[in-house]
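K.L.:
Structure, please.
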Amino acid sequence: MPEYWIILPEFMTVAILTIEGERYKLHSFAALEGVVTSKVIEGLQINVREIFE
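P.N.:
Purely as a prediction, here's the structure:
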């Protein structure tokens, strides 16, 4: 299952989308603080603050 990460440093946001059928659907999102999770890699959780430090 493909997974697409959109990271926007200027807004300190991370969005993770997964494909369902022929469209991408938002799976996980966080801005400034919070945790995003991967649907492809079981158990992967990343605090977005750690990405932008």
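
K.L.:
Look at the residue nearest the centre of the chain and report its pLDDT.
P.N.:
Nearest to the geometric centre of the chain sits residue 16, at 3.0 Å (CA atoms, centre = their mean). With respect to pLDDT, residue 16 has a value of 98.

K.L.:
Now do the same contact list for it.
P.N.:
3-6, 26-29, 36-39 (CB atoms under 8 Å, 6 or more residues apart in numbering). In this view, the C-beta of every residue, glycine as well, is placed from N, C-alpha and C.

K.L.:
and if we set it to 6 Å?
P.N.:
5, 27-28, 36 (CB atoms under 6 Å, 6 or more residues apart in numbering).

K.L.:
just the CA coordinates of stretch 17-29, formatted as CSV?
P.N.:
This file holds the C-alpha atoms of stretch 17-29, laid out as CSV (Å, rounded to 0.1, in the frame of the first residue of the first chain):
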residue,chain,number,x,y,z
LEU,A,17,-1.9,10.1,2.9
THR,A,18,-2.6,6.5,1.9
ILE,A,19,-4.2,5.3,-1.3
GLU,A,20,-7.7,3.9,-1.2
GLY,A,21,-8.9,2.8,-4.6
GLU,A,22,-7.7,5.4,-7.0
ARG,A,23,-7.5,8.3,-4.5
TYR,A,24,-5.3,9.4,-1.7
LYS,A,25,-7.0,9.8,1.7
LEU,A,26,-5.6,11.6,4.8
HIS,A,27,-4.4,9.0,7.3
SER,A,28,-2.5,11.2,9.8
PHE,A,29,-1.9,14.9,10.3
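
K.L.:
Enumerate the positions of that stretch that are buried.
P.N.:
Using 16 or more other CB atoms under 10 Å as the test for burial, stretch 17-29 gives 17-18, 24, 27-28.

K.L.:
Go through the contacts of residue 16 and flag which are in helices.
P.N.:
Judged by DSSP state H, helices contain none of the contacts of residue 16.

K.L.:
how about those residues in TSV, adding distance to residue 45 and pLDDT?
P.N.:
Converted to TSV, the contacts of residue 16 look like this (distance: CB to CB, whole Å; pLDDT from 0 to 100):
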residue	distance to residue 45	pLDDT
5	14	97
27	12	97
28	9	97
36	7	97
